[in-house]
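Peer 1: how would this look folded up:
(2 chains)
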Amino acid sequence: MSSTLYDLIGLAAGVAFILALKGLSHPKTARRGNLIGAFGAALATLVVFFHTNEGSSLPLNNLGWILGAIAIGLVIGVPAARKVQMTQMPQLVALFNGVGGGAAALVAIVEYLNLGDTATTAEVIFTVFTVIVGCVSFSGSVITFMKLQELMTTRPVIFPAGRFIIAATLVSVLGVGGWVVNSLGTTPLLILAGLSLLFGILFVLPVGGADVPIVISLLNAFTGLTVAASGYVLDSTLLIIAGTLVGASGTILTRLMAEAMGRSLFGTLFGAFTAKPQDVAAAGEERPVRSGSPDDVAILLNYARRVVIVPGFGLAVAQAQHTVRELADLMISKGIDVAYGIHPVAGRMPGHMNVLLAEANVPYDQLAEMDEVNPTFGQTDVAIVIGANDVVNPAAQTTPGCPIYGMPILEVNHAANIIFLKRSMRPGFAGIENELLYDPKTMLLFGDAKASLTKVVSALKAL
Amino acid sequence: MEPMAIVSIFVLSVFVGFEVVSKVSSTLHTPLMSGANAIHGVILVGAIIVADHSTTNLELGLSVAAIILATINMVGGFVVTDRMLEMFKGNKK
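Peer 2: A predicted model of the protein is given here:
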């Protein structure tokens, strides 16, 4: 294949990626956009096999190894993507992002070994950049995966002199990076990779569970930039375009997410070190709460005129999306005005709840975004909070210094009655006590969300 | 490649990247992140190129690992994004 044709196909793939991102920004075109992106990526991968680089010939060297490795990747990646539960989506995205970063770092290392002394200074600098950022993205994503999968604590991990250790690691990463550029050795490069992996871990550990999605998005943008940098080293326009697109759009997306959560990016990353110590003692004490039965809930709902359902991650964990839809349909048939109040970060990731409710075929027009639904809580008779906690916690508005302070919340505290469906008194993902649970107008219905909702549905039917 | 050409490509791509996602609603944040994630799986192309260049066992071993990881990133990313978006389409009337 001629070089011109190869480059033109590469350009076509680049255009496909732009169309993909553009399509993904609108609900109607999103699926088509994703398919266009997949087509571009497949095309770009296919033509590499028919393109000869300078000094090499077709078929590619090590062709068997290449095809075998792709087959292994398919066998691992496709079933993982097809079988994952929608509730575990954020972890999977984090993991896919991490392996991408790892791949970019490996590509840079191999090309560096291969170029040896012939590498130009610019190439070495880009290689160093790719190795550092790729390794940070890899190890950082593994930590975010473990936090989301709850393989480790979701709370910020703070260790003594944490910020000094992190700063010292960063300084040594940069120092070793400079050493690689100057002395061009394999050993310094491997030390650099090791230190960067360590830095990625230290960088993500202090981030609290609720802020993890922002970090995933940031690491996603990082990986994009490493792909662009390897594009420079490998002289591939396509990699430069694709990587830069992801880097830029990922940065914007990170900022949009942080805004939706009312957080600054800086506060997300370093908040754990600057926040004042919490008053932990208060959380442990026993205080009276008002708990009710499914019948009590059904009676309350039967005489309501307007009900707002606030779904949270606990709803998805209990797989209760279908049951909640049944309840909503039943209330609508009784002439009750029903809406779902969706917090932008309900679930474990911005927009996650919309995906989960879409899975249960909840009609799109019943989903109300936070800004629409908040002014209506004053006229709402009952707010049903199902498996949500942090997104309705008034502490975000009233307690400066608490980890979610400043995050916009769904103001269910303005509703006439509040029903919480909870498994236990355990605090939410951010690990903060919710005063609303002790409010006199709050009724708690303990138990598995799905079982409780089923009982409420049959009680309401009987009325 | 000409350094100036590279800088031009880079800068223009940054602006295109900013523009295309600047007005996305929070509803689509998860699929968009996942889709963008799949796009950087195109590092697979780079992994195949370095596997072709590889002369030592170390280089080949590392590039095979890179190809496996990149394939997971690219193919898994597009498949999972499609699964999410399929559901969104279902309730559009």
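
Peer 1: Mind checking the pLDDT average for the helix or strand where residue A:127 lies?
Peer 2: According to DSSP states H and E, residue A:127 maps onto helix A:121-148. Throughout helix A:121-148, pLDDT has a mean value of 90.

Peer 1: Equivalent analysis for stretch A:249-257, please.
Peer 2: On average, the pLDDT along stretch A:249-257 is 86.

Peer 1: next one: it to chain centre, how far?
Peer 2: 12 Å (Cα atoms, centre = their mean, to the nearest Å).

Peer 1: And for stretch A:335-353?
Peer 2: For stretch A:335-353, the distance to the chain centre is 17 Å (Cα atoms, centre = their mean).

Peer 1: Say whether chain B is contacted by it.
Peer 2: Yes. Stretch A:335-353 is in contact with chain B by Cβ under 8 Å from any Cβ of the partner chain, via A:344-345, A:349-352. In this view, the C-beta of every residue, glycine as well, is placed from N, C-alpha and C.

Peer 1: distance of the nearest residue to residue A:394 once chain neighbours are set aside from residue A:380?
Peer 2: Closest residue in space to residue A:394, ignoring its immediate chain neighbours: residue A:413 at 5.3 Å, by Cβ to Cβ, 6 or more residues apart in numbering or on different chains. Distance, residue A:413 to residue A:380, by Cβ to Cβ, to the nearest Å: 11 Å.

Peer 1: that older thread, which element follows the helix holding residue A:127 toward the C-terminus?
Peer 2: Tracing the chain C-terminally past helix A:121-148 and defining elements by DSSP H and E, one meets helix A:162-183 next.

Peer 1: Give the next helix or strand downstream of the lowest-mean-pLDDT helix or strand in chain A.
Peer 2: Using mean pLDDT, DSSP states H and E, helix A:281-284 stands out as the lowest-scoring helix or strand of chain A, at a mean of 44. Along the chain past helix A:281-284, the next helix or strand (assigned with DSSP H and E) turns out to be helix A:294-302.

Peer 1: Pull the distance from the helix or strand that that following helix is followed by to the chain's centre.
Peer 2: For helix A:294-302, the following helix or strand on the C-terminal side (DSSP H and E) is strand A:306-311. Distance of strand A:306-311 from the chain centroid (Cα atoms, centre = their mean) equals 25 Å.

Peer 1: now do stretch A:386-400
Peer 2: That offset, for stretch A:386-400, works out to 20 Å (Cα atoms, centre = their mean).

Peer 1: separation between the residue nearest to residue A:394 and residue A:374?
Peer 2: Taking Cβ to Cβ, one finds residue A:413 at 11 Å from residue A:374.

Peer 1: do the same with residue A:159
Peer 2: 39 Å.

Peer 1: Show me what from the stretch 301-450 of chain A comes close to chain B.
Peer 2: Counting by Cβ under 8 Å from any Cβ, the stretch 301-450 of chain A sits next to chain B at A:344-345, A:349-352, A:354-355, A:358-359, A:361-364, A:369.

Peer 1: which residues sit in contact with residue A:18?
Peer 2: For residue A:18, the contact set (Cβ atoms under 8 Å, 6 or more residues apart in numbering or on different chains) comprises A:245, B:16, B:20.

Peer 1: Which member of these is positioned nearest residue A:30?
Peer 2: residue B:20 (12.6 Å; Cβ to Cβ).

Peer 1: can you give me the helices in chain B?
Peer 2: B:3-21, B:29-39, B:43-53, B:57-71, B:77-90 (DSSP state H).

Peer 1: Out of those, which is the most enclosed?
Peer 2: Of the helices of chain B, the one with the most neighbours on average (mean count of other Cβ atoms under 10 Å in any protein chain shown) is helix B:29-39, at a mean of 31.

Peer 1: which other helices and strands contact that one?
Peer 2: Using 3 or more Cβ pairs under 8 Å, 6 or more residues apart in numbering or on different chains; DSSP states H and E as the contact test, the elements touching helix B:29-39 are helix A:3-24, helix A:30-48, helix A:89-115, helix A:212-233, helix A:237-260, helix A:352-359, helix B:77-90.

Peer 1: Of the ones you listed, which is nearest residue A:147?
Peer 2: helix A:212-233 (5.5 Å).

Peer 1: now the angle between helix A:352-359 and the closest one, please.
Peer 2: Counting by axes from the mean of the first three to the mean of the last three Cα atoms, to 10 degrees, helix A:212-233 lies at 100 degrees to helix A:352-359.

Peer 1: Does chain B have contacts with helix A:212-233?
Peer 2: Yes. Applying Cβ under 8 Å from any Cβ, one finds helix A:212-233 in contact with chain B at A:216-217, A:220, A:223-224, A:226-228, A:230-232.

Peer 1: Between which two of the residues you listed is the distance greatest?
Peer 2: The span of these, defined through Cβ to Cβ, is set by A:216 and A:232 at 25.5 Å.

Peer 1: what about the two, which has more around it?
Peer 2: For residue A:216 versus residue A:232, neighbours defined as other Cβ atoms under 10 Å in any protein chain shown are more numerous around residue A:216 (29 against 24).

Peer 1: Now do the same contact list for the more buried one.
Peer 2: Applying Cβ under 8 Å, 6+ apart, we find residue A:216 in contact with A:90, A:93-94, A:97, A:141, A:144, A:349, B:33.

Peer 1: how close does it get to residue A:97?
Peer 2: Taking Cβ to Cβ, one finds residue A:216 at 7 Å from residue A:97.

Peer 1: Just give me the residues shared between the contact sets of these two.
Peer 2: The contact lists of residue A:216 and residue A:97 share residue A:141, where a contact means Cβ under 8 Å, 6+ apart.

Peer 1: which residues of chain A score low on pLDDT?
Peer 2: Low-confidence segments of chain A (pLDDT under 70): A:52-56, A:209-210, A:262-263, A:267-286, A:403, A:426-431.

Peer 1: residues in contact with the closest residue to residue A:304 other than its chain neighbours?
Peer 2: With Cβ to Cβ, 6+ apart as the criterion, residue A:304 has its nearest non-adjacent residue at 3.8 Å, and that residue is residue A:381. Residues near residue A:381 by Cβ under 8 Å, 6+ apart: A:303-307, A:415-417.

Peer 1: Tell me how far residue A:381 lies from residue A:295.
Peer 2: For residue A:381 relative to residue A:295 (Cβ to Cβ), the value is 18 Å.

Peer 1: Same question for residue B:46.
Peer 2: Going from residue B:46 to residue A:295 by Cβ to Cβ gives 63 Å.

Peer 1: do the same with residue A:142
Peer 2: 47 Å.

Peer 1: Also residue A:173?
Peer 2: Distance from residue A:173 to residue A:295, by Cβ to Cβ: 61 Å.

Peer 1: on that earlier part again, mind picking the two most distant members of the contacts of residue A:216?
Peer 2: A:141 and A:349 (13.7 Å).

Peer 1: I'd like the distance from the worst-scoring helix or strand of chain B on mean pLDDT to the chain centre, please.
Peer 2: Lowest by mean pLDDT, DSSP H and E among the helices and strands of chain B is helix B:77-90, with a mean of 82. Between the centre of helix B:77-90 and the centre of its chain there are 16 Å (Cα atoms, centre = their mean).

Peer 1: just stretch A:410-421 next, same as before
Peer 2: For stretch A:410-421, the distance to the chain centre is 27 Å (Cα atoms, centre = their mean).

Peer 1: Return the set of buried residues in it.
Peer 2: A:410-415, A:417-421 (16 or more other Cβ atoms under 10 Å in any protein chain shown).

Peer 1: Nearest to chain B, out of these: which one, please.
Peer 2: Within the buried residues of stretch A:410-421, the smallest distance to chain B is 13.5 Å, found for residue A:410 (Cβ to the nearest Cβ).
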